[in-house]
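1. With the sequence up front, the predicted model follows.
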Amino acid sequence: MGDAAIIDGKAFAEDLRARIADLAARFEETAGRKAGLAVVLVGEDPASQVYVRNKGRQTVACGMESFEHKLPAETSEADLLALVERLNSDPAVDGILVQLPLPAHINEQKVIATINPDKDVDGFHVVNVGRLATGLPGFVPCTPLGCVMLLKDRLGSLSGLDAVVIGRSNIVGKPMAQLLTAESCTVTIAHSRTKNLPEVVRRADIVVAAVGRPEMVKGDWIKPGATVIDVGINRVPSAEEGKSKLVGDVDFASASEVAGAITPVPGGVGPMTIAVLLRNTIVAAHRNAGIALAE
Ligand code: NDP
């Protein structure tokens, strides 16, 4: 292991959840009800089941109400849309999350478009995407928002720093680039067609890897002292026969020799995602109830 400081996302997320629990308790006192998050899962995808279970558990642990809707894989699009409409008009529900991916016969965009943007705690509705793009208050996707929280905690102001985001997905890469732009970074978005990727990455004070390719970003791509945020979660075979392990999109061993600070996988960005989801939910609850957020 090298000299890089380890950015402890697990500890940061714990802290954040404690602050959310405080806000949730005060919300309950003022509003006379708990803040509520509805999570909808369609089908039996094992990874999604784990996410949904963890989300439910952490929602309750923060003093909020968790409404879980588990629907069979063959649920029709019309039935799912009807459920989303019911949740939209349910005053006990402040945030709605439909776990992706959905079965192939359901149009994800149509489902996301049906969620009331003011309950869209995932920040995927085009209204929230537009709000982020134009600098209006709205809901921001949880993973990139968590990355920015870690970066600001580590570096303070990000103003003027060169940032390279590898990946341009709607849920991570693009919102990440927009958040960094809003923090006055000079942002480059790299993707599968980028030429000379190692050279592009080497310019960066901040590297965010959201690619989905195990250990792709090597230590010699990193500018000495740079801050590296590894969003990737990849399951690969481990040295132990028949076992697997999680690795990021960054080759941690070589990158931590060069970087100033780096998030590990697991224990870096991963734990931030649900914590930020809960944060978005408590913010939604305050807005929906017309109560000022007392921070
Ligand atoms: P997507 O597959 O939607 O996007 C991957 C992006 O990486 C694309 O823009 C693609 O480019 C780019 N890419 C692929 N191969 C290369 C390459 N060889 N060189 C440069 N760029 C490349 O993935 P997501 O954004 O959804 O997720 C990215 C990673 O983050 C995954 O490992 C995922 O598991 C993880 N993740 C982790 C979360 C967490 O909670 N920590 C939450 C969400 C995701 P192009 O557009 O040209 O195809």
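-> Alright, I've got the coordinates.

2. Where do the helices of the chain begin and end?
-> 9-31, 46-61, 77-88, 108-114, 126-134, 142-155, 173-182, 197-202, 252-258, 270-289 (DSSP state H).

3. ok, so what distance separates the residue most central in space within the chain from the ligand?
-> Geometric centre of the chain, nearest residue: Thr143, 1.6 Å, by C-alpha atoms, centre = their mean. Thr143 sits 4 Å away from the ligand, going by C-beta to the nearest ligand atom, to the nearest Å. Just so you know, the C-beta spots here come from the backbone N, C-alpha and C atoms, and that holds for glycine as well.

4. Can you check which of the helices of the chain gets nearest to Ala38?
-> helix 77-88 (4.9 Å; C-beta to C-beta).

5. Please name the residues that touch the residue nearest to the centre of the chain.
-> If you count contacts by C-beta atoms under 8 Å, 6 or more residues apart in numbering, Thr143 has them with 171-172, 210, 231, 269, 272-273, 276.

6. Likewise for Leu179?
-> Contact partners of Leu179, counting by C-beta under 8 Å, 6+ apart, are 132, 140, 144-145, 147-148.

7. Next: Lys223.
-> Lys223 touches 202-205, 258, counting by C-beta under 8 Å, 6+ apart.

8. With Glu295 instead?
-> 19, 23 are the contacts of Glu295 under C-beta under 8 Å, 6+ apart.

9. ok, which pair from the contacts of Leu179 is furthest apart?
-> Spanning the widest gap among those are Leu132 and Cys147, at 14.1 Å by C-beta to C-beta.

10. So the two - more neighbours on which side?
-> Cys147 (30 against 22; other C-beta atoms under 10 Å).

11. Does that one touch Thr273 like I think?
-> No. Because the distance of 9.6 Å does not satisfy C-beta atoms under 8 Å, Cys147 is recorded as not touching Thr273.
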